[in-house]
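S.K.: Dropping the sequence and predicted coords here.
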Amino acid sequence: MTATKISYATCPLCEATCGLEIETHDREILSIRGDEEDVFSHGYICPKAYSLKELHSDPDCIREPMIRRNDRWITVSWDEAFAEIERGLMPILDEYGRDALAIYVGNPNVHNIASLLYLPALLQTAKTPNFFSASTVDQMPKHVAAGLMYGTLFSIPVPDLERTEYLLLLGANPLVSNGSLMTAPDMRGRLRRLRQRGGKIVVIDPYRTRTAQEADEHHFIKPGHDAHFLFALVNTLFDEGLVSPGKLTEQVAGLDQVRILAEPFTPERVATTCGIAASTIRAIARALASAPKAAVYGRIGICTQEFGTLCSWLVDVLNVLTGNLDREGGAMFPKAAAGARNTAGIPGHGRGVRFGRWKSRVRGLPEIYGELPASCLAEEIDTPGEGQIRALITLAGNPVLSTPNSERLQRALGKLQFMVSVDIYLNETTRYANVILPPPPVLARAHYDLALYQLAVHNVANYTPPVIEREEGSLDEWELFLRLAGILAGQGSRADISMLDDFVITTLIQRDVSQEGSKVEKREVGELLEMLAPRRGPERMLDFLLRSGPYGDVFGKREGISLTTLEAHPHGVDLGPLQPRIPEVLRTPSGKIELAPQPIMADVERLRISFEQSSTQGNGHMMLIGRRDLRSNNSWMHNLHVLTKGKERCTLHIHPKDAAHLELIDGNMAVVVSRAGSVEIPIEITDAIMPGVVSIPHGWGHSLSLTRTRIASEHAGVNTNILSDEAKVDPLSGNAVLNGIPVTVEKAPT
Ligand code: SF4
């Protein structure tokens, strides 16, 4: 008989990376609680963490590979599943070329070290230009702004929450999201401490969110007009002589251009457009400039709009102009222990970023960091012609619920000749697959937050070995990725995983030993490989990245960390508070902060024109925005009772004045119509929302047939992406416009 076991793990469900204490017996999870000794979260967890227990035993979870025969799913062996993929996929690629294949990657992959480390191998063997991900319905504008200003996609400054004294938040609800592109467990505690030490929080949002309720000030803003507001703050700083970049003055290029670009956006001209009085805008600009330590932070609400990249850029422009970028208590750059591009190569210089190396076939939208906009996926499938997508691989993604114009995408998916999904659920997207490959249960795989520690408000590193043993014969994600890569590389369905894994790590090491400025520059590949033995898979890759990273032991050359160090510290390793990093963090060709990158400067004209139009034309529509919920993040969470029980959450929030005007009654149904589609949804009247604006949360809409998510089906809700318009994107980033969608609202026919 085996005894119960206590393990320490990092929660893989959201960006906060909380430490968990998990009690197990064999493969059964007995309890989950916060890890009091975790160096980052100190015992804090949210209700989602408890759902890991239910997820682990969810009877709807797929445990073995499945093949679809007409509308029947058959459980098969791994070998049969991969053979089916080879039979189904390769003839299509042989006949139509690699352009006929697309890969879509969902958001859970960012929490998965195997996916992050082995996806590049899959993409390299796929050789397709059609790579899509959830990034372009979420945060791509942030990556574009960061790349253009600082040289790498993850150089996104985060508020130094423990030391700041003034926090201006736009389009962000961290009390509910627990932080996004800002890894910070226990957001409530951090924001409370900020206010207890005399600090001030100001929220700009079309909705009085939970964060806004706890803030010192909240101002409604008309959806989609954050760029106008932010530019007016910049204008005020110049106009009132408040610009003071401090120690950054010598490090910044383009200050004058920003001043000129901001000239038309006076608070007085912008006030009507954004719905915030000029006096308030000026007061906020002055408060920002006079606070000893301040940070501006904007998140999903400012990214998922027509001017998402301009908004993301302006947030950082404000941090620079007020001298708050890279200073304690301002917006700072984390220094992650592994995998960060802003710690690779020669400090302070780099090649910067380049976009538009290829374009989407139908609409001609540029590639960004190797991706095409998810908004283009449906048209690339349903538009005939050379290069048409005929086969799709989805990796832990549910684009039917998460990308714009879902109904068009559903019709398109139905036309595919072949589709493979790596997923734990038969959901609204995977029901179109021919083969579903289940990854291992989330607690049966190793975990390290390679991406999220690059955004952490305190430098930490924490490795979680698998908490429970994998079922015999099951595959880990990295093995699954390599078997798919083997098929795409023409090695057949039984490719030698071990050999491919050796190839992947060797390629990684070769890249680093030949990179100028690398900590392992000119070292022998064979020697390093030997020092990583006997590890395999993601652990071997992670050990290499840690040892060659900024805190690493450089393979015996100095005192430092390795994976062995992290294994000896199950509550994580504290690497210290954020430190100023400019200029070493920069990887721009100029070695400076590019405050006025050319693509962004060119896009300001679009904002200026829209500003003049909106100033004179007004807007007769209701505007639709999204809404975040503490017990939801990804759509699959709706299949867990603990996260769906209670009052219905998928409702239309509307202001009492609008409800009265439209004769809508709380609890009755409304019809919401946009250019893309229409939905019928229960009405919830609340003065938390701005007049003229309505809100629907995302990730719902589980009423489709042929899925196997029983709890989600009982709490189906409606899919807000039936209303979002695939034709509208932020042109600089390709990001979907999910906020500020013009809609009409009326009562549903009885
Ligand atoms: S806040 Fe996020 S990381 Fe922390 S317990 Fe909740 S879901 Fe997990």
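M.R.: Perfect, I can see it now.
S.K.: how many neighbours does the residue in the stretch 501-650 of the chain positioned nearest to the ligand have?
M.R.: Taking Cβ to the nearest ligand atom, the ligand has its nearest neighbour within the stretch 501-650 of the chain at residue 633, 7.0 Å off. Any C-beta I mention is one placed from the backbone N, CA and C, and that applies to glycine too. By the criterion of other Cβ atoms under 10 Å, residue 633 has 21 neighbours.
S.K.: List the residues that contact it.
M.R.: 13, 14, 48, 699 (Cβ atoms under 8 Å, 6 or more residues apart in numbering).
S.K.: who touches the second one in this structure?
M.R.: Which is residue 14. Neighbours of residue 14 in contact, by Cβ under 8 Å, 6+ apart: 46, 48, 111, 177, 178, 633.
S.K.: same thing but at 7 Å, please
M.R.: Residue 14 makes contact with 48, 178, 633 under the criterion Cβ atoms under 7 Å, 6 or more residues apart in numbering.
S.K.: Just put the contacts of residue 633 in a markdown table and tack on distance to the ligand, pLDDT and secondary structure.
M.R.: What follows is the contacts of residue 633, written out as a markdown table (distance: Cβ to the nearest ligand atom, whole Å; pLDDT from 0 to 100; DSSP: H, G, I helix; E, B strand; the rest coil):
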| residue | distance to the ligand | pLDDT | secondary structure |
| --- | --- | --- | --- |
| 13 | 4 | 94 | coil |
| 14 | 3 | 94 | coil |
| 48 | 4 | 92 | helix |
| 699 | 15 | 93 | coil |
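S.K.: Quick one: buried ones out of the residues you listed?
M.R.: Those of these that meet the buried threshold are 13, 14, 48, 699, by 16 or more other Cβ atoms under 10 Å.
S.K.: List the buried residues for stretch 694-713?
M.R.: Neighbour counts over stretch 694-713 (16+ other Cβ under 10 Å) mark 694-702, 704, 707-709, 711-713 as buried.
S.K.: Residue 623 in helix, strand or coil?
M.R.: For residue 623, the assignment made with DSSP: H, G, I helix; E, B strand; the rest coil gives strand.
S.K.: Could you do the one 5 residues further on as well?
M.R.: Of the three states, residue 628 takes coil according to three-state DSSP.
S.K.: swap in residue 357?
M.R.: Per three-state DSSP, residue 357 ends up coil.
S.K.: from the buried residues of stretch 694-713, which two are the most distant?
M.R.: The most widely separated members of the buried residues of stretch 694-713 are 694 and 708, with 32.0 Å between them, by Cβ to Cβ.
S.K.: can you give me the strands for the stretch 151-300 of the chain?
M.R.: For the stretch 151-300 of the chain, the strands defined by DSSP state E, counting those that start in this stretch occupy 158-159, 166-170, 200-204, 217-219, 252-253, 294-298.
S.K.: can you redo these as a markdown table with distance to the ligand?
M.R.: Output for the strands of the stretch 151-300 of the chain, formatted as a markdown table (distance: least, Cβ to the nearest ligand atom, whole Å):
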| stretch | distance to the ligand |
| --- | --- |
| strand 158-159 | 16 |
| strand 166-170 | 18 |
| strand 200-204 | 19 |
| strand 217-219 | 23 |
| strand 252-253 | 35 |
| strand 294-298 | 17 |
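S.K.: and the residue in the stretch 451-600 of the chain positioned nearest to the ligand, how many residues sit next to it?
M.R.: In the stretch 451-600 of the chain, the residue that lies nearest the ligand is residue 452 (9.3 Å; Cβ to the nearest ligand atom). Using other Cβ under 10 Å, residue 452 is surrounded by 24 other residues.
S.K.: With that, I have no additional questions.
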